[in-house]
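Peer 1: Quick one, structure for this:
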Amino acid sequence: MTETEQLLTAAVAHVAASAHPGSAPLPAPATREAVARAEAALGFSLPPLLAGLYLRIADGGFGPGYGLLSLDAAVAAYLDGRGTNRAGAEGEDGADGDGDSADGGWGWPEGVFPLADWGCAMLACVDCRSEDEPVLLFEPNPGTVDSAWWLDSPGLAAWLAGWLDGTAWFEDEDSDMDLPPWPDYRARIAAPAGGTVLPAGA
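Peer 2: Below you'll find the predicted structure:
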């Protein structure tokens, strides 16, 4: 069994075990067609582990914080931040619910998928253009773009494992969240929006 399959199996079991009686049911899992549509809109492929979470568990609503965004919400937030979402540009409600772009108008980095909602405008994101698939923390509240992006985890697999076994910083109430800055922000906002679908890590 591959590491991806092991993590997906563990995530399915974890979500099932943590369900509370009377809580709202999760959305149905995403279909392969929905994942393909999302990738076409984004212009890049989702890492297999990330796609597997949507395909095997639910189309968002589970996970740390307020849970994974649905595919539609994540795509809308990404396109809005990249300046390619017409609805967001016209001031209609975006994925954050207030009509603002996902990043407050600073410019969303190319290939970075908005993954999970921490609340207070903070997001966990996956760099789908990097072979290592690092998870980033978008924290815009300091108010300056160069202090908004942090390296949360060196890879999506490690981030997911930290949630599952309770060792991630966000599972520790006493954590000081001492994360290093993400050094690639400036280079990635200069990348063109849209384009041909490329494999993760390309």
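
Peer 1: Is residue 125 in a helix, a strand, or coil?
Peer 2: With DSSP: H, G, I helix; E, B strand; the rest coil as the basis, residue 125 sits in strand.

Peer 1: OK, contacts around the closest residue to residue 161 other than its chain neighbours?
Peer 2: Distances taken as Cβ to Cβ, 6 or more residues apart in numbering place residue 7 nearest to residue 161, at 6.5 Å, with adjacent residues excluded. C-betas here are computed from N, CA, C, even on glycine. When contacts are counted by Cβ atoms under 8 Å, 6 or more residues apart in numbering, residue 7 touches 49, 157, 160-161, 164.

Peer 1: From those residues, pick the one nearest residue 67.
Peer 2: If you rank the contacts of residue 7 by distance to residue 67 using Cβ to Cβ, residue 160 comes first, at 13.4 Å.

Peer 1: so who does that closest one touch?
Peer 2: Residue 160 is in contact with 7, 11, 49, 53, counting by Cβ under 8 Å, 6+ apart.

Peer 1: In terms of helices and strands, where is it?
Peer 2: Counting by DSSP states H and E, the element that carries residue 160 is helix 156-165.

Peer 1: Which SSE is immediately downstream of that helix?
Peer 2: The helix or strand immediately downstream of helix 156-165 is helix 185-189, counting by DSSP H and E.

Peer 1: need the longest strand for the protein.
Peer 2: Secondary structure of the chain per DSSP state E: the longest strand is strand 112-119.

Peer 1: What pLDDT does the model give the residue nearest in space to the middle of the chain?
Peer 2: Nearest residue to the geometric centre of the chain (Cα atoms, centre = their mean): residue 115, 1.4 Å. Note on residue 115: pLDDT of 97.

Peer 1: What sits closest to it if chain neighbours are left out?
Peer 2: Closest to residue 115 by Cβ to Cβ, 6+ apart is residue 124, at 4.8 Å.

Peer 1: What of residue 70?
Peer 2: In this structure, residue 70 finds its nearest non-sequential neighbour in residue 60, 3.6 Å apart by Cβ to Cβ, 6+ apart.

Peer 1: Great, nothing more from me.
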